[in-house]
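J.: Requesting a structural model of the entry that follows:
(one chain, ligands or ions: 1)
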Amino acid sequence: MGIHDLDFITQRIDELKEQGVYRKLAVLESPSGPRSVINGKSVINLSSNNYLGLANHPRLKKAAMEALEKWGVGAGAVRTIIGNMTIHEELERKLAEFKHVEAVLVFQSGFTANAGVIPAVVDKGDVIISDELNHASIIDGCRLSRADVVRYKHSDMEDLERVIKEVKDKYNTKLIITDGVFSMDGDIAKLPEIVELAEKYGCLTYVDDAHASGVLGRSGRGSADHFDLHGRVDIQIGTLSKAIGVVGGYVAGRRNLIEWLNHRGRPFLFSTAAPPAIAAACLEAINILSESSELTDKLWDNARYLKKGLNDLGFNTGKSETPITPVITGEDRTAIELSKRLFEEGVFAQSIVYPTVPKDGARVRTIVTAAHTKEDLDEALRAFEKVGKELNLIK
Ligand SMILES: *Cc1c(COP(=O)(O)O)cnc(C)c1O
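T.: Now for the predicted structure:
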């Protein structure tokens with residue numbers, strides 16, 4: 001055993017195996033779609049974030065190919081040196097129009113948007129008031145800032161008010177951060193109440209709409225649009241990686257915010273711009289959504305159908321109100337078994353266990369898309385019924 005064997009890492013991996021949380025990655029052997037080839041088997045895919053079926057959409061592919069021919073494969077530099085192409089600017093203009101905001105800045109991903117925006121906005125002497133179930137990238141963004149962080153109980157408005165009162169006289173900027181849609185339960189943040197409290201106590205609001213972009217609001221304009229809160233949410237983060245079907249993240253808000261991030265959003269300054277074909281495909285996705293609400297309507301129609309089907313069968317789907325519908329099993333090993341048996345029956349639905357969700361909150365998480373047909377969903381429901389009875393989850 002020598003120093004180069006990295007034995008301390010092998011030991012940690014062994015610990016994961018002892019805890020039963022070691023896993024191998026599933027392999028997608030076809031495009032992401034309603035039916036995909038996964039680990040050698042053609043199955044109904046209920047685990048992607050490809051909400052609108054745009055990841056393999058002919059118009060996006062065509063836009064990407066044309067941009068590839070016109071602009072090449074790479075942007076050649078970070079945006080702030082000379083990687084800022086016409087196509088990036090066009091995408092940002094289009095997104096700003098779509099979101100009804102003054103300006104938008106695109107990052108390489110939703111993750112880097114949070115990692116860049118939060119530290120650029122708050123600093124020492126400021127405080128972040130954060131929902132306890134916020135996404136890992138928000139948590140990392142908070143850590144990278146030098147602001148103090150206080151957490152409130154998930155979507156608990158009394159607790160939020162208690163926390164705000166506790167900190168309100170001790171800090172300069174007070175920033176309330178929440179996911180727009182929470183990824184494990186599929187519940188929607190109580191944005192109207194959060195904004196009310198923020199305005200009452202002089203706090204700013206920051207919503208991460210990763211699972212709401214392309215999903216909530218008119219044609220997927222996000223949670224501020226869903227609740228008609230235009231102009232009252234200070235910072236909106238969106239992703240281009242989930243419903244938009246490609247990759248990237250963005251921040252939408254006031255022009256001065258975007259100008260500041262041009263100078264202080266570190267991933268924007270120090271990491272190369274998205275390839276032009278990516279920007280072109282994202283732009284085409286926003287064009288499609290701007291033209292009609294057909295895809296989002298279909299998504300919600302399917303979401304209601306699958307959710308009702310699962311509820312009618314007797315499954316516990318928690319407090320889901322979006323296309324994310326968990327099937328909560330309680331024990332970790334039941335969730336793992338449910339997922340495994342569903343796969344054998346032709347349905348891919350990933351199990352999610354502690355510590356990603358609380359102990360006794362293990363689940364199989366389903367995410368339906370606009371691309372699924374009713375036949376797909378009926379077939380999936382039949383598999384759920386069969387396996388659910390086998391495992392005594394339903395009668
Ligand atoms: C997925 C997700 C992100 C990351 O988005 P990417 O574009 O995939 O990096 C950020 N925030 C939340 C809440 C998410 O669910």
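J.: Give me the domain ranges for the chain.
T.: Per the record, the chain has its domains at 16-45+293-391, 58-291, by the TED database.
J.: how far does stretch 167-183 sit from the chain's center?
T.: Mean-position distance between stretch 167-183 and its chain equals 19 Å (C-alpha atoms, centre = their mean, to the nearest Å).
J.: That stretch near the ligand anywhere?
T.: Yes: using C-beta under 6 Å from any ligand atom, a contact is recorded between stretch 167-183 and the ligand, made by D179, S183. Heads up, the C-betas are built off the backbone N, CA and C, glycines and all.
J.: Out of the domains of the chain, which gets nearest to T10?
T.: domain 16-45+293-391 (10.5 Å; C-beta to C-beta).
J.: Out of the domains of the chain, indicate the one that is most buried.
T.: domain 58-291 (a mean of 20; mean count of other C-beta atoms under 10 Å).
J.: ends of stretch 245-259, how far apart?
T.: 27 Å (C-alpha to C-alpha, to the nearest Å).
J.: That stretch and the ligand in contact?
T.: Yes: Stretch 245-259 is in contact with the ligand by C-beta under 6 Å from any ligand atom, via G249.
J.: now that stretch: how far from the chain's centre is it?
T.: 15 Å.
J.: Export the domains of the chain as TSV, with columns for mean pLDDT.
T.: TSV is the format used below for the domains of the chain (pLDDT from 0 to 100):
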stretch	mean pLDDT
domain 16-45+293-391	96
domain 58-291	98
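J.: want to try TSV for the ones you listed, with distance to D7 as columns?
T.: Listed next are the domains of the chain as TSV, based on distance: least, C-beta to C-beta, whole Å:
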stretch	distance to D7
domain 16-45+293-391	15
domain 58-291	28
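J.: I9: which of these is closest?
T.: domain 16-45+293-391 (10.8 Å).
J.: Contacts for stretch 317-330, please.
T.: 51, 181, 183-188, 211-212, 215-216, 299-300, 302-303, 306-307, 310-311, 315-316, 335, 338, 349, 352, 360-369, 384, 391, 393 (C-beta atoms under 8 Å, 6 or more residues apart in numbering).
J.: Please flag which of the residues you listed sit within strands.
T.: I352, A362, R363, V364, R365, T366, I367 (DSSP state E).
J.: out of the residues you listed, what pair is the most spread apart?
T.: A362 and I367 (17.1 Å).
J.: now the nearest residue to S47 once chain neighbours are set aside: how far from E337?
T.: Excluding its sequence neighbours, the residue lying closest to S47 (C-beta to C-beta, 6 or more residues apart in numbering) is Q350, at 4.5 Å. For Q350, the distance to E337 (C-beta to C-beta, to the nearest Å) stands at 13 Å.
J.: Summarise which helices and strands the strand or helix carrying S137 is packed against.
T.: In this assignment (DSSP states H and E), S137 forms part of helix 136-144. Packing contacts for helix 136-144, counted by 3 or more C-beta pairs under 8 Å, 6 or more residues apart in numbering; DSSP states H and E, involve helix 110-121, strand 127-131, strand 174-179.
J.: now with 10 Å?
T.: Contacts defined by 3 or more C-beta pairs under 10 Å, 6 or more residues apart in numbering; DSSP states H and E place helix 136-144 against helix 110-121, strand 127-131, strand 148-152, strand 174-179, strand 204-208, strand 235-239.
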